[in-house]
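Dropping a prediction and its sequence here:
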Amino acid sequence: MKNNHQVLIIGGGTAGIMTAARLRKADPSMDIAIIEPSDTHYYQPAWTLVGAGTYDFKNTAKPMAGLIPAGVTWVKDYATAIDAENRFVDTLHNGKIGYEYLIVAPGLVMRNDLIEGLEEAIDKGVVCSNYTDPEHTWEVLKNFKGGNAIFTQPATPIKCGGAPQKIAYLAADYLKQKNLLKDTNMIFATPGTVIFGVPEIKETLENVIRRYGINFKPFHTPVKIDGKAQIAYFKNTTPEGNSEGSPEGMPGAYVTDEGLLAVPFNLLHLAPPQAAPEFILKSSLVNESGWLDVDIHSLQHKKYPEVFGLGDVAGLPTAKTGAAVRKQVPVVVDNLLKLMQGKKADNMAYNGYSSCPLVTAKGKMVLAEFDYNNKFTPDPKLKQMLITDSSKEHWRLWILKKYILPYLYWNKMMKGVDV
């Protein structure tokens, strides 16, 4: 196998494949390679729907071989280290692979070890996660007969920050249809301060929470999961520094001698803690927070101009979503082509755009689109779907989520076509 490439891309996820496809369209003679060990590529945004029994898991997967753009070399291997000074990437089986330009887009990894007991508990019994096994989530939900249903997320950044609450709404809607909501204590516990940072969306979601009778617990960070005893332990992280959480609205909850809030559960859904892959963390490419140190507008690395980073691994103060990648890729491609022509990478167009399709019931959705300033920035194209205000629940937005977005993903985004 050739061990030097003009453009080397780490990661065959949304960002890596989109970037490769766009570069090939711009210059079919360009020498591009993608390092990606997986045989299967997943459309993960649909996993929320899988967990609620409204989407077939099989339809979220396609063979990686059919998605790598024609003419791009697929290095089916694991990246193990990056030597940015000497411009090569170490791999597990293929040794060192050199590059002229590097695109870093490996996504992030689940870090179950950051919550005590999570590794032993996750995807077993009544502990579930759409992030790891959405089919198990659906089984847990179908078998649930009442009691405490806890939905929570970690203090680390996570991909699609709205996903932990989406499944709470879908579960509440399902339990309502089954006449079980009255026997359920729905709890959404988050380290965050508000249900959503965009004011227009926050107002709608607060109404949704009231409608389902969900007990919203901000400033609650999960620190320990006892899967066998079915108890989740939370640290209260209010600005005042109180360590004790309030057991109010959580039957059976109590404060431990260590000052943790212990809450028994009959169903627990959580997003695992997440971080950049280890080979990224050990490289010279990360910032103090452990994410790729790129300019937030150009996505060019701050120290190594021939390196670009995008997707979930990038250190950007916005939500980690596929929608964000959709806006990042054209900027990276434009800047990379400029560098190749001896020009400056001066495209600073990425403004932090991200999007969170917040499903609030089977058949209803809110679409949160926003930028670095948490300003609500709805796509004008929504008016073509007769949607005048995407901050409000709408059945047409559900159609967008379930049918239109997957089609656009596989048939447009993955092929480098503008959407």
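Received, thanks. Numbers count the residues shown, from 1 in each chain.

Output the contacting helices and strands for the longest helix along the chain.
The residue-count maximum for a helix in the chain (DSSP state H) belongs to helix 322-340. Helices and strands touching helix 322-340, by 3 or more C-beta pairs under 8 Å, 6 or more residues apart in numbering; DSSP states H and E, are helix 14-26, strand 95-104, strand 307-309, strand 354-361. Glycine gets a C-beta too; all of them are placed from N, C-alpha and C.

Between these, which one is closest to residue 122.
Taking C-beta to C-beta, strand 354-361 is the member of the helices and strands packed on helix 322-340 nearest to residue 122, at 22.5 Å.

tell me the angle that closest one makes with helix 322-340.
Interaxial angle, strand 354-361 versus helix 322-340 (axes from the mean of the first three to the mean of the last three C-alpha atoms, to 10 degrees): 170 degrees.

Next secondary structure after strand 354-361?
Toward the C-terminus, strand 354-361 is succeeded by strand 364-370 as the next helix or strand (DSSP states H and E).

Can I get that following strand in PDB? Just the C-alpha atoms.
Presented in PDB, the C-alpha positions along strand 364-370 are these (Å, rounded to 0.1, in the frame of the first residue of the first chain):
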ATOM      1  CA  LYS A 364     -44.100  16.100  16.400                       C
ATOM      2  CA  MET A 365     -40.800  17.900  16.300                       C
ATOM      3  CA  VAL A 366     -39.100  21.200  16.900                       C
ATOM      4  CA  LEU A 367     -36.000  22.200  14.900                       C
ATOM      5  CA  ALA A 368     -33.400  24.100  16.800                       C
ATOM      6  CA  GLU A 369     -31.000  25.800  14.400                       C
ATOM      7  CA  PHE A 370     -28.400  28.200  16.000                       C
END
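
Average the pLDDT values over the longest helix of the chain and round to the nearest integer.
Rounded to a whole number, the mean pLDDT of helix 322-340 is 98.

buried ones in it?
Within helix 322-340, the residues that qualify as buried are 322-337, 339-340, counting by 16 or more other C-beta atoms under 10 Å.

next one: stretch 197-210
198, 200-202, 204-205, 208-209.

can you check stretch 85-95 too?
87-91, 94.

what's the answer for stretch 53-60, then?
Buried-residue list, stretch 53-60, by 16+ other C-beta under 10 Å: 53-55, 57, 60.

Make TSV out of the residues you listed and add pLDDT, distance to residue 157 and secondary structure.
Shown next, in TSV, are the buried residues of stretch 53-60 (pLDDT from 0 to 100; distance: C-beta to C-beta, whole Å; DSSP: H, G, I helix; E, B strand; the rest coil):
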residue	pLDDT	distance to residue 157	secondary structure
53	98	28	coil
54	98	27	coil
55	98	25	coil
57	98	25	helix
60	98	23	helix
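
Dump the buried residues of stretch 85-95 into JSON lines; add pLDDT and secondary structure as well.
Putting the buried residues of stretch 85-95 into JSON lines (pLDDT from 0 to 100; DSSP: H, G, I helix; E, B strand; the rest coil) gives the following:
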{"residue": "87", "pLDDT": "98", "secondary structure": "coil"}
{"residue": "88", "pLDDT": "97", "secondary structure": "strand"}
{"residue": "89", "pLDDT": "98", "secondary structure": "strand"}
{"residue": "90", "pLDDT": "98", "secondary structure": "strand"}
{"residue": "91", "pLDDT": "98", "secondary structure": "strand"}
{"residue": "94", "pLDDT": "95", "secondary structure": "coil"}
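
just those now: which is nearest residue 405?
Nearest member of the buried residues of stretch 85-95 to residue 405, counting by C-beta to C-beta, is residue 89, at 32.1 Å.

list the contacts for the closest one?
8, 10, 35, 79, 81-83, 96-97, 99, 102 (C-beta atoms under 8 Å, 6 or more residues apart in numbering).

can you do 10 Å?
5, 8, 10, 33, 35, 75, 77, 79-83, 95-99, 102, 104, 279, 283 (C-beta atoms under 10 Å, 6 or more residues apart in numbering).

Quick check: it vs residue 283, distance?
10 Å (C-beta to C-beta, to the nearest Å).

Now for the two: what residues contact both?
What both residue 89 and residue 283 touch, as defined by C-beta under 10 Å, 6+ apart, is the set 79, 81-83, 104.

Return the subset of the residues you listed lying in strands.
79, 81-83, 104 (DSSP state E).

ok, and the most crowded of these?
residue 104 (30 neighbours; other C-beta atoms under 10 Å).

For it, give the beta-bridge partners.
Following DSSP bridges, residue 104 is listed with bridge partners residue 10, residue 309.

Is residue 403 in a helix, a strand, or coil?
Here residue 403 is helix, with the state taken from DSSP: H, G, I helix; E, B strand; the rest coil.

Can you give me every residue that contacts it?
Residue 403 touches nothing, counting by C-beta under 10 Å, 6+ apart.

Just list what the helix or strand where residue 262 lies packs against, helices and strands only.
For residue 262, the host element (DSSP H and E) is strand 261-264. Where contact means 3 or more C-beta pairs under 10 Å, 6 or more residues apart in numbering; DSSP states H and E, strand 261-264 is packed against strand 147-152, strand 184-189, strand 220-226, strand 231-236, strand 254-255.

Pipe those strands into TSV and attach mean neighbour count and distance to residue 397 per row.
Below are the helices and strands packed on strand 261-264 laid out as TSV (neighbours: other C-beta atoms under 10 Å; distance: least, C-beta to C-beta, whole Å):
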stretch	mean neighbour count	distance to residue 397
strand 147-152	24	21
strand 184-189	24	21
strand 220-226	22	29
strand 231-236	23	32
strand 254-255	14	41
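
Now distance to residue 133 and mean pLDDT too, for those strands, in JSON lines please.
Shown next, in JSON lines, are the helices and strands packed on strand 261-264 (distance: least, C-beta to C-beta, whole Å; pLDDT from 0 to 100):
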{"stretch": "strand 147-152", "distance to residue 133": "16", "mean pLDDT": "98"}
{"stretch": "strand 184-189", "distance to residue 133": "21", "mean pLDDT": "97"}
{"stretch": "strand 220-226", "distance to residue 133": "15", "mean pLDDT": "97"}
{"stretch": "strand 231-236", "distance to residue 133": "18", "mean pLDDT": "95"}
{"stretch": "strand 254-255", "distance to residue 133": "30", "mean pLDDT": "92"}
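
and these as TSV, adding distance to residue 301?
Listed next are these as TSV, based on distance: least, C-beta to C-beta, whole Å:
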stretch	distance to residue 301
strand 147-152	34
strand 184-189	36
strand 220-226	31
strand 231-236	35
strand 254-255	46
